[in-house]
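K.L.:
using only what follows, build the 3D model:
(one chain, ligands or ions: 1)
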Amino acid sequence: MQNAAIASLGLNWRYLAFEVHPDDLRPALEGARRMHFLGINLTVPHKLLAVEIMDVLDDSAKVWGAVNTVRFEGKDQRGEWRPLREFSEAPSELRSHGFNTDADAITRALRDDLGLELAGKSILLLGAGGAGRTAALKLASEQVAQLFLVNRTQTKAVLVASEIAARHPKVKVVLGYPNGKVDLLLNATSLGLNSADSLPFDGTQFSLSRSEVVYDMIYRPAETPLLKMAKAAGCRTANGVGMLLYQGARALEIWMGEPAPIQVMRRALEQMVRA
Ligand code: NAP
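P.N.:
Numbers count the residues shown, from 1 in each chain. You can find the predicted model right below:
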């Protein structure tokens, strides 16, 4: 999706994938900086490790305690830090600036792709791993009314609940399934990635007809058994493509300083997911 966007904008840039061992993250980032990369995206497990390595953190990275987007910046003649793309010749002083675009992408996908306004809503969130924790805290920051948290390892859900209580005390958090209806069921577990996986919720405790909307963070397969069942139950549904799209689009905007071509990126992503 990044290369499709870069091509459509006529930029002389390339987006490349590198596999880096976590022990090598620091020298790999230093190498990228010295080779005058404009920026980098990081994925698991580098997002947490990079927080310590960045020269400066944007508020988004501070709030979420994770970096998924790095922008390399140079010092100009007036002593101001500017993105490297703005320099015609490489400046002598360079720094790394860490951002996080993951959390906003979750709520943007729910708003833009499903028309869901979050304030005052009741949400059942399945999963309390990295993505589940970020989703829970981001939803709480949007002033949802109630969050029901379910996770295989209960202690992780308890930790997330206590983080929400400390940061967003007005949000009611319940550990376990709701008795009545919810506006959204959000799957942030990895159940559904493999064809042999069971459903991510306990069918004896919850039925999909009790949720208006179902969002599955998984995007490959494009339709998980959860989404198939949710459609059959009459729910509005979407897979995780939107979330992936919006975190990438925001990253491109951070490097480029202009709005990203969302439709071009979505088309490229959907082709990749279907392939
Ligand atoms: P993670 O930190 O490894 O968390 C995995 C979650 O799945 C945990 O809640 C874990 O429960 C649960 N889980 C795993 N196997 C299970 C099983 N057999 N039974 C019940 N629960 C199980 O991974 P993550 O980074 O949060 O990712 C979670 C999902 O979100 C993945 O499917 C990933 O592909 C997707 N994701 C999508 C995007 C996107 O852009 N669309 C971005 C990030 C993640 P325990 O805590 O008990 O282990």
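K.L.:
wait, a helix at Leu199?
P.N.:
No. Counting by DSSP: H, G, I helix; E, B strand; the rest coil, one finds Leu199 to be coil, located in no helix.
K.L.:
for the residue in the stretch 51-200 of the chain that the ligand sits nearest to, which residues are in contact?
P.N.:
In the stretch 51-200 of the chain, no residue comes nearer to the ligand than Gly129, which is 1.9 Å away by C-beta to the nearest ligand atom. (Each C-beta comes from the backbone N, C-alpha and C, glycine too.) For Gly129, the contacting residues are Asn151, Lys156, Ala188, Thr189, Ser190, by C-beta atoms under 8 Å, 6 or more residues apart in numbering.
K.L.:
rerun at 7 Å
P.N.:
Ala188 (C-beta atoms under 7 Å, 6 or more residues apart in numbering).
K.L.:
any idea which helix or strand carries Arg220?
P.N.:
Assessed by DSSP states H and E, Arg220 sits outside every helix and strand.
K.L.:
gap between it and Ala135?
P.N.:
Here Arg220 is placed at a distance of 19 Å from Ala135 (C-beta to C-beta, to the nearest Å).
K.L.:
and if you look at Gln247?
P.N.:
Relative to Ala135, Gln247 is positioned 12 Å away (C-beta to C-beta).
K.L.:
next to the ligand, which bits of the stretch 101-250 of the chain? Give me the list.
P.N.:
Neighbours of the ligand within the stretch 101-250 of the chain, by C-beta under 6 Å from any ligand atom: 127-132, 151-153, 156, 188-191, 193, 217-219, 240, 243-244.
K.L.:
follow-up on the earlier one: neighbour count winner among Gln247 and Ala135?
P.N.:
Shown here are Gln247 and Ala135; by other C-beta atoms under 10 Å, Ala135 has more neighbours (28 against 21).
K.L.:
how about that one, what does it touch?
P.N.:
Contacts of Ala135 by C-beta under 7 Å, 6+ apart are Ile106, Leu125, Leu186, Ala188.
K.L.:
out of those residues, flag the one nearest to His168.
P.N.:
Leu125 (13.8 Å; C-beta to C-beta).
K.L.:
what about the closest one, how many neighbours?
P.N.:
Leu125 has 27 nearby residues by other C-beta under 10 Å.
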